[in-house]
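Asks: Sequence and predicted structure below; questions after.
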Amino acid sequence: MKASLIAAALLLAAPAFAAEDAPRLYAEHCAACHGADRLGAIGPALLPENLGRLRKAEAETVIANGRAATQMPGHADKLNPGQIKALADYVFTPLPAVPRWGMEEIKASRVLSVNPDLLPAKPQWNTDPLNLFTVVETGDHHVTILDGDSFKPLARFQSRFALHGGAKYSPDGRFVYLASRDGWITKYDLYTLQIVAEIRAGVNTRNVAVSHDGRFLMVGNMLPHTLVALDARDLAPLQVIPVVGDAGATSRVSAVYTAPPRSSFVVALKDIQEVWEIPYADDAGPVMNGFVHSYEKGHEEGISPGGRFQALRIRIPDHLDDFFFDRTYERVMGASRDGTKGLVVDLDIKRKVAEIDLPGMPHLGSGIIFKKDGRDYMATPHLKEAVISVIDMETWKTVKRIPTLGPGFFMRSHENTSYAWIDVSMGKEKDAIQVIDLNTLEIVRTLRPAPGRTTAHAEFDRSGKHVLISVMEAEGELIVFDAESFEVVTRMPMKRPVGKYNVFNKITFSSGTSH
Ligand code: DHE
C-alpha cells in the first residue's frame, strides 16, 4: 500500500473527536470540579477570559499531566491526545454569555439571618474567646469551632461548598469571615455560635480581607474580574470595583490582604502587571497619580470617577500570583508562580526596589517572619522544590535554602517558640512533618504521626505551647502536639480538615502565621 493510502487508512481508523464530543467529555471528566457550566467550583472557571496566561498547548499539557500544587489530576491515562485537544479547544471557546454578577445580583443574594444590633454583648459559653480555632473541614463542607484550651468542639456547622483560604476575624476576634471558591462570604458569630449573614460576592472567588478597623471586607474575584467591598457589619455590598488595566484589559485577582498601618487593602493581580492599593481610612485623602476605577453604589455599569474605594495602581515588571508584607507593610514581596525571580515592591516609592532569587513556585502566602541576631528574616516553602528559602529582609538576599523531604504548602511558627513547622505534602513523603530550629536553620525533627496519610498545615495555639496539624484525608484527623517535646497530646477525628485558624494569633498579626 502506498504511504498516502496508509495515512488515509490510519486517519479513518483513528477515533474522530469532533467539537461536539467535547461537551460530553467535559461533563464526564471536568464538570465535577470546574462546574457543569464551566464557571468554577472546587477548580477555577474554565473560560477563555479566565485562562489568562495559559496557552492552548499548555492547557493540553495540564489536562494530560495535571497541575502541580493544585487538586488537578492528569488525564493522560483516560483520554487520548485527540480527546485532550478537543477539551482544550472547548475551554477556550467563549460561552454564549458569561453570567453577570454585578451590584444588583450581589445585593439580591444576601441572606441576613440575625440583626447584628440585637446580638448579646458577651460570649454564651465559658472559655478563652481568644484561644478558639476555626477548623475548615472540606471533606463534608463543615466548620468546627474548637476550644483551644480543652480541645473540645464548641460547635460544628455546615459551610458553603469548598471553602478556601484562611478564616478572617473581626479585630476583637468575635466574628469570623469565611470565603468559598464559588463566591460566598459567610459572617459567623463566635459568641452566639450562629451565622449572621451570607452573600455571594462573586461567581468564582479568590479570597477575602478584613480591614484592621473591622469596618470593611474586600473580596477578590477570579470571575467576574472584580473586587467587591462589603460592610463588615451585615455584609451589605458597598461597591463593585472592576479590575481593569491599561487599554481595558481586565484581570483575575491573585490575592487581597489588609495592611493595617496603611489603612489600606493591597491587591495582587494574575493577568495585569500591577499591584493595587485601596485606602479605606476616612481621611485617606486624594488618590495620588493612580488611575481610578470604581463602581459607585447605585451605578449599574461602567467606570465612575468617584466611589468610596479607589485603587492606586503601581506598575511592576511581572504578574504576581501571591505576596507577603514586610513588618512595616511598606514593602511587598511577590512572585509569579512560573517565574524564577521574586520581586520587592515599595508601596511608598511605588515601584520595584529589589529582586529575589526565588525559583520553584514559592508559596509566599504561607511564609513567616522571624528574628535572628536582631535582623528580620522571611522563610517560605516552595510548591515545586524540596526546600525552604530563608531571605534577609534588609538585603533581600536568599541566605539559606534548607533542604526538606519534599515540596510543601504551609509553614508556621509563633513568637513563643524557636521552631517552625512545615509540611512536605507536595512530594512523595506526604505523611511527614518537619521541624526547623530557627536559630540554627537546620531541620531537627521529622514526625510521621499518621504514616502513609497526607499530613499538612500547622497552626499554633495562643500561647505557642501547642501545634495543631491536619491529616487531610476524607476520614482525617486533627493532631495536637506539644510544641517543645513534639509529643502527641491528643487527636480528634475530622472530615478532611484543611486549615485551622487561631483567633489570637490572627488578630494580633503574629509573625508566625498568615493574616
Ligand atoms: Fe490555597 C490560602 C492560593 C491550592 C489550601 N491559597 C490560600 C491563599 C491563596 C491561595 C492566595 C491566601 C488566601 C487568604 O488566606 O486570604 N491555593 C492557592 C493557589 O493558587 C493554589 C495553589 C491553586 C488553587 O487551587 O487555587 C491553592 N490551597 C490549595 C489547595 O489545593 C489546598 C491545599 C486545599 C484546598 O482545599 O484548596 C489549599 N489555601 C489553602 C489553605 C489556606 C490557603 C488551608 C489558608 C492557609 C492559612 O493558614 O492562612
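Replies: Yep, that arrived.
Asks: The stretch 401-515 of the chain against the ligand: which residues are in contact?
Replies: For the stretch 401-515 of the chain, the residues found near the ligand under the criterion C-beta under 6 Å from any ligand atom are 409, 457, 498, 499, 514. (Each C-beta comes from the backbone N, C-alpha and C, glycine too.)
Asks: Need the per-residue pLDDT for residue 288.
Replies: Looking at residue 288, its pLDDT reads 40.
Asks: do the one 3 residues further on as well
Replies: As summarised for this prediction, residue 291 has a pLDDT of 39.
Asks: before we move on, what about residue 355?
Replies: 93.
Asks: I'd say it and residue 345 touch.
Replies: No: using C-beta atoms under 8 Å, residue 355 is not in contact with residue 345, being 10.9 Å away.
Asks: Those two - which one has more neighbours?
Replies: residue 345 (27 against 14; other C-beta atoms under 10 Å).
Asks: what's near enough to touch residue 346?
Replies: By C-beta atoms under 8 Å, 6 or more residues apart in numbering, residue 346 lies in contact with 330, 331, 352, 353.
Asks: Next, give phi and psi for the second one.
Replies: According to degrees, to the nearest 10, the main-chain angles of residue 331 amount to phi -120, psi 150.
Asks: before we move on, what about the first one?
Replies: The phi/psi pair for residue 330 (degrees, to the nearest 10) reads phi -90, psi -30.
Asks: Which pLDDT value goes with it?
Replies: 96.
Asks: For the residue in the stretch 201-350 of the chain that the ligand sits nearest to, list each beta-bridge partner.
Replies: Closest to the ligand within the stretch 201-350 of the chain is residue 207: 3.5 Å, counting by C-beta to the nearest ligand atom. With DSSP bridges as the criterion, residue 207 is bridged to residue 220.
Asks: so it makes contact with residue 180?
Replies: No: look at residue 207 against residue 180 with C-beta under 8 Å: they stay out of range, at 10.7 Å.
Asks: These two - which one has more neighbours?
Replies: residue 180 (25 against 21).
Asks: Any chance of the backbone angles for the more buried one?
Replies: Residue torsions, per degrees, to the nearest 10, at residue 180 are phi -100, psi 160.
Asks: Likewise for residue 147?
Replies: phi -80, psi 120.
Asks: Tell me how far it lies from the ligand.
Replies: Shown here: residue 147 relative to the ligand, a distance of 19 Å by C-beta to the nearest ligand atom, to the nearest Å.
Asks: Quick check: that residue vs residue 344, distance?
Replies: 40 Å (C-beta to C-beta, to the nearest Å).
Asks: Same question for residue 354.
Replies: 4 Å.
Asks: what's the overlap in contacts for the two?
Replies: Here residue 354 and residue 344 share the contacting residues residue 396, scored by C-beta under 8 Å, 6+ apart.
Asks: who has more neighbours, the two?
Replies: Taking other C-beta under 10 Å, residue 354 and residue 344 do not tie; residue 344 has more neighbours (19 against 14).
Asks: Just give me how far the helix or strand hosting that one sits from the chain centre.
Replies: Residue 344 belongs to strand 341-346 when assigned by DSSP states H and E. Computed by C-alpha atoms, centre = their mean, to the nearest Å, the chain-centroid distance of strand 341-346 equals 19 Å.
Asks: what does stretch 399-406 give?
Replies: 23 Å.
Asks: Enumerate the positions of it that are buried.
Replies: 401, 402, 404, 405, 406 (16 or more other C-beta atoms under 10 Å).
Asks: what is the mean pLDDT for it?
Replies: Mean pLDDT, stretch 399-406: 96.
Asks: Can you name the residues in contact with that stretch?
Replies: By C-beta under 8 Å, 6+ apart, the list of residues contacting stretch 399-406 reads 377, 381, 386-392, 422, 424-430, 432, 434, 436, 441-443, 446.
Asks: just to revisit the earlier point, quick check: neighbours shared by residue 207 and residue 180?
Replies: Common neighbours of residue 207 and residue 180 (C-beta under 8 Å, 6+ apart) are residue 164.
Asks: you'd agree residue 275 is in a strand?
Replies: Yes: under DSSP: H, G, I helix; E, B strand; the rest coil, residue 275 falls within a strand.
Asks: That one: neighbour count?
Replies: Residue 275: 26 neighbours (other C-beta under 10 Å).
Asks: what bridges to it?
Replies: residue 268, residue 314.
Asks: separation between it and residue 96?
Replies: Residue 275 is 35 Å from residue 96, by C-beta to C-beta.
Asks: ok, now residue 395?
Replies: 54 Å.
Asks: quick one: which of these two has more around it?
Replies: Counted by other C-beta under 10 Å, residue 395 and residue 96 do not tie: residue 395 has more neighbours, with 10 against 5.
Asks: Report the contact partners of the residue of the stretch 201-350 of the chain closest to the ligand.
Replies: Neighbouring residues of residue 207 by C-beta under 8 Å, 6+ apart: 164, 165, 166, 179, 219, 220, 253, 255, 256.
Asks: again, 7 Å this time
Replies: 165, 179, 220, 255, 256 (C-beta atoms under 7 Å, 6 or more residues apart in numbering).
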